[in-house]
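Trainee: sequence and computational prediction follow.
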Amino acid sequence: MTPQRPLDSEEQVSTASERDVLEAFLDAYREELTDALRGLSEEQARRRLVPSLTTLIGLVKHAAAVERNWFFHTLDQLPREQIAGNSTGDDASWEVDATETIADVVAEYEDVCRQSKRLAAKFELDDTVPHPRLGMVSLRYIHVHMIRELARHCGHADILREQLGTRLEG
């Protein structure tokens, strides 16, 4: 009989509250995205393997900008000029300065995620905030949108790792 692997964090909440499930999936994808940089050289992390601006390190840099957009700007209603770092998720959000290391970008992203979690803790899932295009959005919508965004980027990271010949196992 094959031994069973331990439950993943998102499997551990299979009967938890809606909020716990959403937060567990969001955290799992946050971690998976930073794991995509594990074991890579600085050169590998920056290598452009597709025509777009997408690189492995750029995925994490972009994810930090998207977190800032949805949690700092949208949920907490901070004006962009009061937010340190890119908070739009635009093309510039993919750019990593030559002086920034993998460790720098991961630390920045993890810090932004900690701040996002602190901000979200002040709200209930049904609480809504104004959004310039959508009218109003709930914390629930923001969580689901971020899960979607990160899941897509984790898939991109898997493909880029395959192209580098350094596919992550697990």
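Mentor: All right, it came through fine.
Trainee: for this structure, just list every one of the strands.
Mentor: 128-131, 135-138 (DSSP state E).
Trainee: would CSV of those strands with mean neighbour count be doable?
Mentor: C-beta coordinates here come from the backbone N, C-alpha and C atoms, glycine included. Shown next, in CSV, are the strands of the chain (neighbours: other Cβ atoms under 10 Å):
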stretch, mean neighbour count
strand 128-131, 14
strand 135-138, 13
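Trainee: neighbours of Arg114, how many?
Mentor: Arg114 has 10 neighbours, counted by other Cβ atoms under 10 Å.
Trainee: so for it, what's the pLDDT?
Mentor: On pLDDT, Arg114 comes in at 98.
Trainee: next one: it from Ala103, what distance?
Mentor: Distance of Arg114 to Ala103, computed by Cβ to Cβ, to the nearest Å: 16 Å.
Trainee: please apply the same query to His62.
Mentor: Taking Cβ to Cβ, one finds His62 at 18 Å from Ala103.
Trainee: what's near enough to touch the nearest residue to Leu164 once chain neighbours are set aside?
Mentor: Nearest non-adjacent residue to Leu164, counting by Cβ to Cβ, 6 or more residues apart in numbering: Gln44, 5.5 Å away. Residues near Gln44 by Cβ atoms under 8 Å, 6 or more residues apart in numbering: 56, 164, 166.
Trainee: go on, Tyr29?
Mentor: Applying Cβ under 8 Å, 6+ apart to Tyr29 gives the contacts 147, 150-151, 154.
Trainee: among these, who's most crowded?
Mentor: Most surrounded of these: other Cβ under 10 Å gives Leu150, at 24 neighbours.
Trainee: so it makes contact with Asp27?
Mentor: No - applying Cβ atoms under 8 Å, one finds Leu150 not in contact with Asp27, separated by 9.8 Å.
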